[in-house]
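K.L.:
just the structure for this:
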Amino acid sequence: HGQCGAVLHRADSEPAGTATRRAGGAGLAAALAASNPKGEQAPLKAPSPSRPMFYAPGFDPYLIIAQIITIQSVLYANLGLWLCILTGLMGNQLNSISLRQLFSHTAIRLNFAGGWIPLVAYFLNSIAGAVALTFIVERAKKCLDFTVTFHFVHFFCCWTHSGFPGSWEWWMANGVSILIMALLGEYLCMKREMQEIPLFGAASAGAGYSRVQRRHSGSSAV
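P.N.:
Below you'll find the predicted structure:
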């Protein structure tokens, strides 16, 4: 009777969290025993490699600078590619493409056909920029920052090349480009963050964490 009373007293004095964790552990052990009735030890598997993450926890200025340079390089290369494609589709010579179409605010005009080429290229480039944010930045809350940074650098380059932009078409094109790139980039990043990452390469359902859950679990562990 004394031993039973001691056991009951210890069970009553345990915190609710400890009892819950102990019950959860017992349930997990029972589930593992039911899935392996013969008692065979399953071979350990190395975690399956997930897609590489470009970001690191904490503030890393070198990583941020590398991401900015990568975004600028990718988007300018893509903008030049779209200018070549659209110029060819319009029946013009590719040698007519110059830095003026990239950095001059006078190149974007709605009153002649040639002025539509940079405008359409800007919009297509913003979609490509959203995809680039998904694989380079990978954080939905940082998409607006990198989008504004890219367009601010582009504004400075245009100002240096041909003076302060005084064309309303140029401001309209860049404003719409910021909206498309930021909103679409946030949507794609959020969709990618919620994808499950398998823990041990298991094919069973529910055997993984989403990227958001993994980040939260890592921060709580710290």
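K.L.:
when you work out contacts or count neighbours from here on, use the C-alpha atoms and nothing else.
P.N.:
OK.
K.L.:
give me the distance between the closest residue to T106 other than its chain neighbours and F152.
P.N.:
Once flanking residues are discounted, T106 sits nearest to S167: 6.7 Å by Cα to Cα, 6 or more residues apart in numbering. From S167 over to F152 the distance is 16 Å, taken as Cα to Cα, to the nearest Å.
K.L.:
what does M90 give?
P.N.:
For M90, the distance to F152 - Cα to Cα - is 30 Å.
K.L.:
next, F164: secondary structure please.
P.N.:
coil (DSSP: H, G, I helix; E, B strand; the rest coil).
K.L.:
now do the phi/psi pair for it.
P.N.:
phi -60, psi 130 (degrees, to the nearest 10).
K.L.:
I'd guessed it sits against C158; true?
P.N.:
Yes: in this structure, F164 is within contact of C158 by Cα atoms under 8 Å, at 7.4 Å.
K.L.:
so the residue nearest to A140 when sequence neighbours are not counted is in which element?
P.N.:
Excluding the flanking residues, the one nearest A140 by Cα to Cα, 6+ apart is E186, at 4.4 Å. Following DSSP states H and E, one finds E186 within helix 168-193.
K.L.:
returning to what we had before: neighbour count for F164 and C158, which is higher?
P.N.:
The residue with more neighbours, out of F164 and C158, is C158; 19 against 14, by other Cα atoms under 10 Å.
K.L.:
who touches that one in this structure?
P.N.:
With contact set as Cα atoms under 8 Å, 6 or more residues apart in numbering, C158 has these partners: 103-105, 164-165.
K.L.:
kindly report the same for A107.
P.N.:
A107 neighbours (Cα under 8 Å, 6+ apart): 100-101, 115, 118.
K.L.:
rerun at 6 Å
P.N.:
Each residue near A107 by Cα atoms under 6 Å, 6 or more residues apart in numbering is listed here: 101, 115.
K.L.:
neighbours around the closest residue to Q72 other than its chain neighbours, how many?
P.N.:
Once flanking residues are discounted, Q72 sits nearest to F150: 6.2 Å by Cα to Cα, 6+ apart. For F150, the number of neighbouring residues by other Cα under 10 Å comes to 20.
K.L.:
F150: which element?
P.N.:
Residue-wise, F150 maps onto helix 143-162 under DSSP H and E.
K.L.:
now swap in S73 and tell me
P.N.:
helix 61-89.
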